[in-house]
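Colleague: Coordinates only, no sequence provided:
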C-alpha cells in the first residue's frame, strides 16, 4: 500500500493567496503543507481550498487551527473553501467547524 500523499499548490487569485490541497492531510503529509503555509504572507488574505482533500485527521485539523490563529493575530482574512462534506463532518464532530469555517474568533480557552 502506498503512503498517503498530499499535493500543495499556491497561487494568487483576486487579491488572495490560494493554497490548494489534494490528497490526504494527516501526520505524514502535514509537514509540506505547513511549509507552504509558512511561506504565505499573513498580511494578505488566505483561502485554503480543500476540494481535493479526501481524508483529514487530527494533525490536519491542528495545522488548520494554528494557521487560522496566525491569520487572526495578523488581522487578516482566513477562509476554508470548497470543503467536502466528509471533511466538514470531521470538523463538525471535533467541534472546530465554526472556528475554522464560520470564522468564530478565538477566545480564552480555545484550542
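Modeller: Noted; the coordinates are in hand. Since the model is a prediction, treat every value here as computed from it, not as a measurement. Numbers count the residues shown, from 1 in each chain.

Colleague: Ramachandran angles for residue 62?
Modeller: phi -60, psi -40 (degrees, to the nearest 10).

Colleague: in the lowest-mean-pLDDT helix or strand in the chain, what's buried?
Modeller: Using mean pLDDT, DSSP states H and E, helix 97-101 stands out as the lowest-scoring helix or strand of the chain, at a mean of 85. By 16 or more other C-beta atoms under 10 Å, the buried positions in helix 97-101 come out as 97, 99, 100, 101. Where C-beta positions appear, they are placed from N, C-alpha and C, glycine not excepted.

Colleague: Tell me the confidence at the one residue sitting closest to the centre of the chain?
Modeller: With distances taken as C-alpha atoms, centre = their mean, residue 64 lies nearest the centre of the chain, 3.9 Å away. Per-residue pLDDT puts residue 64 at 96.

Colleague: Pairing partners for the strand or helix carrying residue 10, with directions?
Modeller: Following DSSP states H and E, one finds residue 10 within strand 6-13. Each strand paired with strand 6-13, and its direction, by DSSP bridges: strand 16-25 (antiparallel).

Colleague: who's in contact with the following helix or strand past the partner strand?
Modeller: Following strand 16-25 in sequence order, the next helix or strand is helix 30-38 (DSSP H and E). Contacts to helix 30-38, defined as C-beta atoms under 8 Å, 6 or more residues apart in numbering, come from residues 6, 8, 10, 19, 21, 25, 46, 48, 59, 60, 63, 67.

Colleague: related to what we said a few turns ago, in the strand holding residue 10, what counts as buried?
Modeller: For strand 6-13, a neighbour-count test (16+ other C-beta under 10 Å) marks 6, 8 as buried.
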